[in-house]
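>>> Let me see the structure of the following:
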Amino acid sequence: MTHQIYSQQQLQLKSIARLKQIYSEIACTVEVSDKRCKDAWISAIVNYQASKIQKVTLAAPDEQALAQAELDGYIADQAQIVAPEPFRIVEISFDHHEYYAGNQLVASISYDDNHLTQRWVVMVNDKEVFRANTPMRCDRFICTHYKDGSLPVQEQLATPCTTENRIMAHIFNECQNYGYEILNDGIYNDDIKLGEVGQTDSNWWLTRAADETQRIACDSAMDVVQSLSMVNVSTGGKSIFDEYFLEQPLEQLTGNKLQRLLERAELVTA
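Numbering: from 1, shown residues only. This next block holds a predicted model:
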């Protein structure tokens with residue numbers, strides 16, 4: 001029995017109920033990976049149809065090889081349309097992630113403290129395009145709208161700010177919170193080297209000055225610098241309280257210094 005051959009574009013216009021009917025009509029034997037997902041039904045039908053395209057035996061071997069190559073290309077193209085390559089996600093910090101297709105920036109997800117309920121924001125070209133209460137919904141928005149072509153196109157700057165620059169900016173901001181200084185060979189506090197920090201393949205790490213051969217994995221720039229602060233909770237045998245009180249009396253400490261004092265005290269007692 002001969003059945004109609006449906007293109008991927010035609011199938012996209014069908015409902016899931018109609019796709020199930022077509023699947024049954026053509027006696028499709030390709031397993032549907034997710035029966036709740038429309039694209040899974042389309043993928044199964046397209047791949048089944050491609051496998052059933054009769055290969056015409058041509059007189060010339062070169063022509064037969066060309067026909068086979070065209071068939072293989074058709075199958076690969078249809079599979080790519082239905083299931084495109086996943087994004088490469090770069091974690092700049094806990095609250096900032098960038099989505100790349102190959103080497104091209106597609107969009108970013110950031111956190112907005114000023115919004116009461118929907119604090120996670122999808123940004124394209126430094127403009128808000130979507131907002132939600134969880135990062136998972138933002139991720140779904142990017143994947144869905146990039147796939148159907150409705151996501152705004154990210155303009156690639158002639159001299160873009162590199163990922164490395166963004167990483168260093170986040171480390172610099174966190175170091176400022178602790179009063180640390182970033183030099184070429186590491187992070188310092190009052191001329192005492194605490195260690196080095198960095199990010200490799202989207203994974204944050206640090207090495208302490210006492211043992212620079214050991215890389216310690218961390219979740220974000222904030223965790224990296226906070227871990228280094230544990231190295232510095234006491235200096236020269238003085239407690240952290242002595243360190244502050246020698247500088248100035250308790251009543252003269254600023255709010256920021258008091259907060260840091262309490263945080264570091266918690267690290268010591270933890």
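>>> CA only for contacts and neighbour counts going forward, please
Fine.
>>> which stretches of the stretch 101-250 of the chain form helices?
135-147, 163-178, 221-231, 240-247 (DSSP state H, counting those that start in this stretch).
>>> Let me know the secondary structure of residue 32.
When classified by DSSP: H, G, I helix; E, B strand; the rest coil, residue 32 comes out as coil.
>>> my guess is it contacts residue 38, does it?
No. If you go by C-alpha atoms under 8 Å, residue 32 and residue 38 don't touch, sitting 9.9 Å apart.
>>> coming back round to it: could you export the helices of the stretch 101-250 of the chain as JSON lines, including distance to residue 28 and mean pLDDT?
Shown next, in JSON lines, are the helices of the stretch 101-250 of the chain (distance: least, C-alpha to C-alpha, whole Å; pLDDT from 0 to 100):
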{"stretch": "helix 135-147", "distance to residue 28": "25", "mean pLDDT": "90"}
{"stretch": "helix 163-178", "distance to residue 28": "46", "mean pLDDT": "73"}
{"stretch": "helix 221-231", "distance to residue 28": "51", "mean pLDDT": "72"}
{"stretch": "helix 240-247", "distance to residue 28": "71", "mean pLDDT": "46"}
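>>> Highest average neighbour count across those: which stretch is it?
helix 221-231 (a mean of 20; mean count of other C-alpha atoms under 10 Å).
>>> outside of it, which residues touch it?
Around helix 221-231, the neighbours that count as contacts under C-alpha atoms under 8 Å, 6 or more residues apart in numbering are 93-94, 170-171, 174-175, 178, 194-195, 197, 204-206, 208, 218, 264, 267-268.
>>> And stretch 191-199, by the same measure?
By C-alpha under 8 Å, 6+ apart, stretch 191-199 touches 167, 185-188, 204-210, 212, 224-225, 228-229, 231-232.
>>> what about 7 Å?
Stretch 191-199 is contacted by residues 186, 187, 188, 204, 205, 206, 207, 208, 209, 224, 228, 231 when judged by C-alpha atoms under 7 Å, 6 or more residues apart in numbering.
>>> Likewise for stretch 113-125?
With contact meaning C-alpha under 7 Å, 6+ apart, stretch 113-125 is reached by 107-112, 128-135, 138, 152, 154-155.
>>> of those residues, buried ones?
For the contacts of stretch 113-125, a burial check counting by 16 or more other C-alpha atoms under 10 Å picks out 107, 108, 109, 110, 111, 130, 131, 135, 138.
>>> tell me the contacts of the first one?
If a contact means C-alpha under 7 Å, 6+ apart, then residue 107 has 98, 99, 122, 123, 124, 154 as its contacts.
>>> do you know how far the third one is from residue 104?
Residue 122 sits 16 Å away from residue 104 when distances are taken as C-alpha to C-alpha, to the nearest Å.
>>> More neighbours: which of the two?
Each of residue 122 and residue 104 has its neighbours counted (other C-alpha atoms under 10 Å); residue 122 has more, 24 against 12.
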